[in-house]
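Enquirer: Sequence and predicted structure are below.
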Amino acid sequence: MSEIDALTLRGTQLLTGRDAPLAPSQGIAELSRASELGGADATAILAALAGMGVDAPPNWPRALELLALAAERGSEGARGQLRLLGGQPDAQDGWARLAQGIDIAAWTAPPVRRPICEAPRIRMLDGFVSPEVCAWLIGIGRARLTQAQVYDARTGGAAIDAARTNSAFELSIVDVDLVTVLARARIAAAANVPLGALEPPQLLHYAVGQTFGRHYDYLDVSQPGYAKDVAAHGQRVLTALIYLNDGYEGGETAFPRAGIEVRARTGDGVMFANVDRANAVDPMSLHAGEPPTSGEKWVFSQWIRDRAQGSGG
Ligand SMILES: O=C(O)CCC(=O)C(=O)O
């Protein structure tokens with residue numbers, strides 16, 4: 001293995017290991033060394049980390065500069081991101097020019113939130129991202145899906161549960177590319193929170209008959225596993241979903257206590273509060289991912305805490 005590959009591997013392992021992302025600086029140092037030696041993949045990862053604000057506040061100019069450099073060095077991932085974000089699907093070169101054309105201000109401006117319910121508070125985010133971005137996000141998850149798990153209240157760990165039969169891919173810090181960072185930045189703007197309040201995102205996939213049964217996203221602190229988590233990281237106050245495709249039947253996001261079923265088009269989003277206006281957990285937020293009766297359903301799911309974790313702006 002070349003020195004660049006070894007440094008890149010060690011850097012990603014340090015960022016995704018047991019203590020990550022609590023101590024990311026060591027992983028970033030290894031990736032930076034790989035990048036200084038000319039590593040394209042390490043440079044592409046550093047671009048996303050700069051946008052995310054890992055170990056430093058988010059730095060968009062730096063993120064775009066690194067993405068262009070990764071593309072120049074031959075990273076196919078970086079090239080694909082630039083073609084998508086720069087709006088030129090046929091572009092073959094001029095990576096720095098494409099990077100300069102990416103409108104960060106448009107991505108991070110608060111989008112229109114269309115209220116559809118007050119108990120719980122549910123807001124539609126119409127046309128939240130483009131169909132091309134949706135297809136990109138599906139591409140990240142498609143080959144990496146595994147059985148989705150629930151967050152076990154007793155242990156505070158992940159567990160398989162009969163109530164959740166769909167599959168999912170949770171993106172680690174190094175799976176998050178700049179397209180994903182920008183989608184998350186747009187969610188943070190919609191929620192009016194710093195990027196650091198967002199948990200690792202998940203891509204959810206439902207085949208016919210698969211479901212995420214009725215549940216709450218807030219963490220009930222009367223359960224020991226959850227209480228520890230809330231003390232350390234804050235309450236999960238908001239959930240944002242981006243619908244990545246349509247062309248399926250069934251598969252609504254249902255709020256049975258509110259009598260609401262959300263059905264959206266490709267690229268639409270929904271955001272709902274898991275707490276009420278007094279910040280108490282809200283039983284009205286009970287919801288489910290209903291099973292599709294035909295086709296497949298893809299969703300980008302983002303849980304949001306009431307405070308930022310570490311750095312992240
Ligand atoms: O897939 C859906 O419609 C619901 C997803 C969900 O309930 C969640 O991510 O908490």
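Expert: All right, it came through fine.
Enquirer: Ala68: what's it in contact with?
Expert: Counting by Cβ atoms under 8 Å, 6 or more residues apart in numbering, Ala68 makes contact with 78, 82, 95-96, 98-99. Using the backbone N, CA and C atoms, a C-beta is placed for each residue, glycine as well.
Enquirer: Just say helix, strand or coil for it.
Expert: helix (DSSP: H, G, I helix; E, B strand; the rest coil).
Enquirer: So it versus the ligand, what's the distance?
Expert: 34 Å (Cβ to the nearest ligand atom, to the nearest Å).
Enquirer: circling back to that earlier point, buried among the contacts of Ala68? Make that a ChimeraX selection.
Expert: Here is the ChimeraX command that selects only those of these that count as buried (16 or more other Cβ atoms under 10 Å):
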select :78,82,95,96,98,99
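Enquirer: Can you name the residue of the protein nearest to the ligand?
Expert: Evaluated by Cβ to the nearest ligand atom, the chain has Gly289 as its residue closest to the ligand, separated by 3.0 Å.
Enquirer: Give me the spatial nearest neighbour of that residue, chain neighbours excluded.
Expert: Phe212 (3.7 Å; Cβ to Cβ, 6 or more residues apart in numbering).
Enquirer: and that neighbour, bridged to which residues?
Expert: Applying DSSP bridges to Phe212 gives these bridge partners: Arg164, Gly289.
Enquirer: Next up, the contacts around it.
Expert: 148, 163-166, 204, 206, 288-289.
Enquirer: all helices of the stretch 51-200 of the chain, in order?
Expert: For the stretch 51-200 of the chain, the helices defined by DSSP state H, counting those that start in this stretch cover 60-72, 76-86, 95-100, 104-108, 131-141, 178-191.
Enquirer: Please confirm that Arg33 is located within a helix.
Expert: Yes. Assignment of Arg33 by three-state DSSP places it within a helix.
Enquirer: burial count for it?
Expert: By other Cβ atoms under 10 Å, the residues close to Arg33 number 17.
Enquirer: Does Gly289 touch Thr211 like I think?
Expert: Yes. Contact criterion Cβ atoms under 8 Å: Gly289 and Thr211 qualify, at 6.0 Å.
Enquirer: more crowded one of these two?
Expert: Between Gly289 and Thr211, counted using other Cβ under 10 Å, Gly289 has the larger neighbour count: 25 against 18.
Enquirer: Test for you: state the pLDDT assigned to that one.
Expert: What the model reports as pLDDT for Gly289 is 97.
Enquirer: how many other residues sit next to Leu125?
Expert: Using other Cβ under 10 Å, the number of residues around Leu125 comes to 23.
Enquirer: Give me the number of neighbouring residues for the residue nearest to it when sequence neighbours are not counted.
Expert: Among residues not flanking Leu125 along the chain, Gly269 sits closest, at 3.4 Å (Cβ to Cβ, 6+ apart). Using other Cβ under 10 Å, Gly269 is surrounded by 26 other residues.
Enquirer: No further queries at this time; thank you.
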